[in-house]
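In: have a look at this prediction, sequence included:
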Amino acid sequence: MNAFEKPPGGFLKFFLKTPVWIYKIGFGGWERLFGAEWMLLTTIGRKSGKPRQTMVDILEHDKDADIYYIEAAYGARADWYKNIQANPLFEAQVGRRKFHARATELVPDNAADMLVEFYRRKPVYTRSVMALVGMKFEGEDELRKIARELTLLAVKPE
């Protein structure tokens, strides 16, 4: 079961873009009010050469190593993921912190562990977000199977 078998349209597309607009007007970090943490990515379009923005969930932030762990809902099919494959240096914003960054993909076992740990910390949020994109699971074993199909990345500021 992959996230987003087809790109969202209509209201869901509008709903998913709303956080980008909120960040752009200067309210980065507001999502912490409901227990989430997001990263605004600005990549360079691999075809257009123009800046492209998207919002992703931060699963974890290793403060000592200053590494953010994020997930691509479309996996390797995500346009922003394809953009950073073509242009590895991109801009990121977490709250009011802006920085240049690079990302590396996690191996499936590490990705599964990370997603399960995120679920343990934020079960309601995890279930809600995953249901929004059409993924439902019964327990941690099923979540681990799903995680092996997802693309999780380690984002390191430069």
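Out: That came in fine, so what should we check first?
In: mind showing which ranges of this protein have poor pLDDT?
Out: Counting by pLDDT under 70, the chain contains low-confidence ranges at 1-17.
In: centre-most residue in it?
Out: Geometric centre of the chain, nearest residue: residue 56, 2.9 Å, by Cα atoms, centre = their mean.
In: ok, longest strand in the protein?
Out: Looking across the chain with DSSP state E, the single longest strand is strand 51-62.
In: residues contacting that one, please?
Out: The contact list for strand 51-62, computed with Cβ atoms under 8 Å, 6 or more residues apart in numbering, reads 16, 19-20, 23-24, 36-45, 67-73, 78-80, 83, 94, 114-115, 117-118, 129, 152. For glycine as for every other residue, the C-beta is placed from the backbone atoms N, C-alpha and C.
In: how far off centre is the next helix or strand after that strand?
Out: Sequence order places strand 67-72 as the next helix or strand after strand 51-62, per DSSP states H and E. In terms of Cα atoms, centre = their mean, to the nearest Å, the centre of strand 67-72 is set 6 Å apart from its chain centre.
In: packing partners of strand 67-72?
Out: Strand 67-72 is packed against strand 51-62, strand 151-157, with contacts defined by 3 or more Cβ pairs under 8 Å, 6 or more residues apart in numbering; DSSP states H and E.
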